[in-house]
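Trainee: whatever this is, show me its structure:
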Amino acid sequence: MEPRSWVRRPLDRVRAVEPFIRRIVAGGLALVAGLWLVRLTVRWTAPWAAGVVLALVGVAGLAVGVERQLEY
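Mentor: Modelled structure (predicted):
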């Protein structure tokens, strides 16, 4: 079943976005979410550790997104 036009049009726009932009946005969102988790939870607990991991994944996503656009 094909999506309706009001759903298909935004999906086409999302697919048209450059992959490096997706990585940068996803990395930034993961970084912010991870930092919030670290800030709002007690240190050395499972949610705190998840926040640290999420923040590190976010930094990696940002780095990969930016690195792919650099020309040497």
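
Trainee: from V57, how far off is the residue lying closest to V42 once chain neighbours are set aside?
Mentor: The shortest distance from V42 to any non-neighbouring residue, by Cβ to Cβ, 6 or more residues apart in numbering, is to W48 (6.4 Å). C-beta here means a position set from N, CA and C on the backbone, and glycine is covered the same way. As for W48, its distance to V57 is 15 Å (criterion: Cβ to Cβ, to the nearest Å).

Trainee: equivalent analysis for R22, please.
Mentor: Taking Cβ to Cβ, one finds R22 at 14 Å from V57.

Trainee: over to P19?
Mentor: For P19 relative to V57 (Cβ to Cβ), the value is 17 Å.

Trainee: these two: who's more crowded?
Mentor: V57 (16 against 9; other Cβ atoms under 10 Å).

Trainee: show the average pLDDT along the stretch of helix or strand G51 belongs to.
Mentor: Element membership for G51 (DSSP states H and E) is helix 46-67. Average pLDDT, helix 46-67: 95.

Trainee: could we number from 43 for the rest of this?
Mentor: Sounds good: first residue 43 from here, last item helix 88-109.

Trainee: and that helix, what does it pack against?
Mentor: helix 61-82 (3 or more Cβ pairs under 8 Å, 6 or more residues apart in numbering; DSSP states H and E).

Trainee: ok and the helix it packs on relative to helix 88-109, angle-wise?
Mentor: 150 degrees (axes from the mean of the first three to the mean of the last three Cα atoms, to 10 degrees).

Trainee: secondary structure class for Q111?
Mentor: Following DSSP: H, G, I helix; E, B strand; the rest coil, we place Q111 in the coil state.

Trainee: tally up the residues packed near the closest residue to G100 other than its chain neighbours, please.
Mentor: Nearest non-adjacent residue to G100, counting by Cβ to Cβ, 6+ apart: L73, 2.9 Å away. Around L73 there are 19 other residues, counting by other Cβ under 10 Å.

Trainee: can you pull the contacts of L73?
Mentor: L96, A97, G100, V101, G103, L104 (Cβ atoms under 8 Å, 6 or more residues apart in numbering).
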